[in-house]
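Student: Below is the structure, and that's it, no one-letter string:
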């Protein structure tokens, strides 16, 4: 998913789609992630005016949730589960091997900006771990190799 | 021929989409006419992708299937597992909540109705609100999300509250590792959840409902959204439910990756568009919930069980189970287990029966070291607790909790010291920050466990004291229950912390 610059026009459309629902902020932020790949702080004033909330409140919400990013991810995102059920079948070792393979020392984006590896805590694939989401595709019994191959690394 | 290939996340994670594509392409090449139905999962994850062929003889199962098996499957030379209903793991179950899951096309409302769907709603529509609540109370249903609170009592509180607007909120944010029943149900039988929410709306006088669904479940989100659209087109939702003039509608809302939003008050804040911080109780959400209005917050499995209770009657449901744990429990066998998957049965089987007999022990074939029941906030249980019956009070007495009924199995390679440290680390990452024992205590907990593991045994009483403070002083179960895995690991496997039993029990 490539990130595009947020334009006032697109943003207005996204806001209009949800502003009349009860609790519109999260649906709007999700749509912004989908449309722009990240949430730019530059959009806060427009969002705040439309919803009648302050810039601080928006920052508070964006920074609270793991899904909302203020910078775009790499071209591919691997969400690797590190919760207990996956740990019981070797997720911690898979994680180290994947980091080695991609040249990462922690969760984050590879230096070439292509691949982002994120930690996730449970994908509901607890009987076929270690599990991951590759972009939006569920994957079970993964290895560092199977994940790296899928994202072309 | 009709071929069922699951769309369930676990099946897809193990290659179901590739199998479906291979079937389409081979059938076209060989001139075989096939109709592919993407069903939910039958719950036997070790057999996924589990494909079923339906012909004059009935449905025959094949699995685990790979695209390479497709030619033999379509030419009729592949060995079948027989009928799903005859596979031992399946045959031993009592399927009430999951009766239709994997059996039907999840988005086929006609098929849903043909398999008992809507029967519960039609009966509820003939009852008064008070009778509807009484039926739920009589069933003995308790919240399946973890707390085990009597559902009928919660509904009665909302029903008797006076307000211009009430809400039904479905908590579909099960973030506990080892649990996947909500996901399987939403992917495999979404109309049962919708029907349950409509009945809840009738019972308490609510006209609006929300499903707060975790973003980690993209397949469930897609299926639920499609199901809501179909329900609206067919008057299962909307202004005139089944032509009775009653109104109820549902919206699907997606979470944003915060574990704490599985806690009901944090969930309500999140639904309102705020940070997912926990609210102090009282006031109870039943009286002061979403937008400050009376709100039923129920878990997916609780709500999806409502239709079958009304279809067969409260007494039928309450006849299953033991003591105050009535009906069926949807056990999820997870982690390092040979036969992983969903197993629905009346409460009362022992933990050992479930892990050893049904689950077949570990996948690696090594001895079971620990079973964590109830997710990251549940205690690690040793095999010497295997006699404990699966029941709310029975588990409480054994120092554990059933939670969402997920069981994560570990073999003897597990390092319980590392797992205890992880429990505190997880709490630190996911704490909403509202209360001090959880926000600060979890970070101090990570450090204190590290000290013990590095040989500083003087830190043991410190950790025990910290756990007391977290348990008694936290606002919600995240900080309040993290001591369960931590202390159960320390007391059950002191050697994994480099200490002796005597040092722990001092």
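Tutor: Done, it's in. Since the model is a prediction, treat every value here as computed from it, not as a measurement.
Student: Count the residues that sit near the residue of the stretch 51-200 of chain B at minimum distance from chain A.
Tutor: With CB to the nearest CB as the measure, residue B:177 is the residue of the stretch 51-200 of chain B nearest to chain A, at 3.4 Å. Any C-beta I mention is one placed from the backbone N, CA and C, and that applies to glycine too. Neighbour count for residue B:177, taken as other CB atoms under 10 Å in any protein chain shown: 29.
Student: Could you measure from it over to residue A:55?
Tutor: For residue B:177, the distance to residue A:55 equals 36 Å [CB to CB, to the nearest Å].
Student: cool, residue A:22 as well?
Tutor: 22 Å.
Student: Who has more neighbours out of the two?
Tutor: The neighbour count for residue A:22 versus residue A:55, taken as other CB under 10 Å, is higher for residue A:22 (15 against 12).
Student: what sits against that one?
Tutor: B:208, B:271-272, B:290-291 (CB atoms under 8 Å, 6 or more residues apart in numbering or on different chains).
Student: again, but for residue B:372
Tutor: Contacts for residue B:372 (CB under 8 Å, 6+ apart) come out as A:84, B:178, B:335, B:378-381, B:407-408, B:410, B:485.
Student: element containing it, please.
Tutor: Using DSSP states H and E, residue B:372 falls within strand B:368-373.
Student: list the buried ones in that strand?
Tutor: For strand B:368-373, burial by neighbour count (16 or more other CB atoms under 10 Å in any protein chain shown) applies to B:368-373.
Student: Excluding covalently adjacent residues, which one is nearest to the residue in chain B that chain A sits nearest to?
Tutor: Here the residue of chain B nearest chain A is residue B:340; by CB to the nearest CB that distance is 2.9 Å. In this structure, residue B:340 finds its nearest non-sequential neighbour in residue A:127, 2.9 Å apart by CB to CB, 6 or more residues apart in numbering or on different chains.
Student: isn't that neighbour right up against residue B:45?
Tutor: Yes. Residue A:127 lies in contact with residue B:45 (CB atoms under 8 Å); the separation is 3.8 Å.
Student: For the spatially closest residue to residue A:74 that is not a sequence neighbour, name its beta-bridge partners.
Tutor: Closest residue to residue A:74 apart from its sequence neighbours, by CB to CB, 6+ apart: residue A:116 at 4.1 Å. With DSSP bridges as the criterion, residue A:116 is bridged to residue A:77, residue A:109.
Student: contacting residues for residue A:116?
Tutor: Residue A:116 is in contact with A:73-74, A:76-78, A:108-110, counting by CB under 8 Å, 6+ apart.
Student: again, but for residue B:287
Tutor: By CB under 8 Å, 6+ apart, the contact list for residue B:287 reads B:157-158, B:161, B:294.
Student: Can you classify the closest residue to chain B within chain A by secondary structure?
Tutor: Evaluated by CB to the nearest CB, chain A has residue A:127 as its residue closest to chain B, separated by 2.9 Å. With DSSP: H, G, I helix; E, B strand; the rest coil as the basis, residue A:127 sits in coil.
Student: re the thing from before, my guess is the residue of the stretch 51-200 of chain B closest to chain A meets residue B:406, correct?
Tutor: Yes. Counting by CB under 8 Å, residue B:406 is a contact partner of residue B:177 at 7.3 Å.
Student: Which neighbours do those two have in common?
Tutor: Common contacts of residue B:177 and residue B:406, defined by CB under 8 Å, 6+ apart, comprise A:85, A:126, B:334, B:375.
Student: Can you give me the neighbour number for the second one?
Tutor: What that stands for is residue A:126. Number of residues near residue A:126 (other CB under 10 Å) recorded here: 35.
Student: got a pLDDT number for it?
Tutor: Per-residue pLDDT puts residue A:126 at 98.
Student: which residues does it contact?
Tutor: Going by CB under 8 Å, 6+ apart, residue A:126 touches A:83, A:85-86, B:177-180, B:332, B:334-335, B:340, B:406, B:408.
Student: which of these has the most neighbours?
Tutor: Busiest of those [other CB under 10 Å] is residue A:85, holding 38 neighbours.
Student: okay, it: pLDDT?
Tutor: Confidence for residue A:85, expressed as pLDDT, is 97.
Student: And for it, nearest residue in space, chain neighbours not counted?
Tutor: Leaving aside its sequence neighbours, residue A:85 sits nearest to residue A:126 (CB to CB, 6+ apart; 3.7 Å).
Student: ok, residue 23 - how many residues close by?
Tutor: Chain wasn't specified; assuming chain A. By the criterion of other CB under 10 Å, residue A:23 has 19 neighbours.
Student: oops, I was thinking of chain B
Tutor: 22.
Student: Counting by contacts, list what the helix or strand of chain A with the lowest mean pLDDT packs against.
Tutor: Least confident element among the helices and strands of chain A, by mean pLDDT, DSSP states H and E: helix A:8-18 (a mean of 92). Helix A:8-18 sits against helix A:25-36, helix A:44-51, with contacts defined as 3 or more CB pairs under 8 Å, 6 or more residues apart in numbering or on different chains; DSSP states H and E.
Student: Mean neighbour count, mean pLDDT and distance to chain B for these - can I get that in a markdown table?
Tutor: Listed next are the helices and strands packed on helix A:8-18 as a markdown table, based on neighbours: other CB atoms under 10 Å in any protein chain shown; pLDDT from 0 to 100; distance: least, CB to the nearest CB, whole Å:
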| stretch | mean neighbour count | mean pLDDT | distance to chain B |
| --- | --- | --- | --- |
| helix A:25-36 | 20 | 97 | 3 |
| helix A:44-51 | 16 | 96 | 8 |
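Student: Output the longest strand belonging to chain B.
Tutor: When chain B is scanned for its longest strand (criterion: DSSP state E), the result is strand B:328-335.
Student: sorry, back to before: make TSV out of the contacts of residue A:126 and add secondary structure and distance to residue B:168.
Tutor: Listed next are the contacts of residue A:126 as TSV, based on DSSP: H, G, I helix; E, B strand; the rest coil; distance: CB to CB, whole Å:
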residue	secondary structure	distance to residue B:168
A:83	coil	29
A:85	helix	30
A:86	helix	33
B:177	coil	27
B:178	coil	27
B:179	coil	22
B:180	coil	23
B:332	strand	25
B:334	strand	29
B:335	strand	33
B:340	coil	32
B:406	strand	24
B:408	strand	31
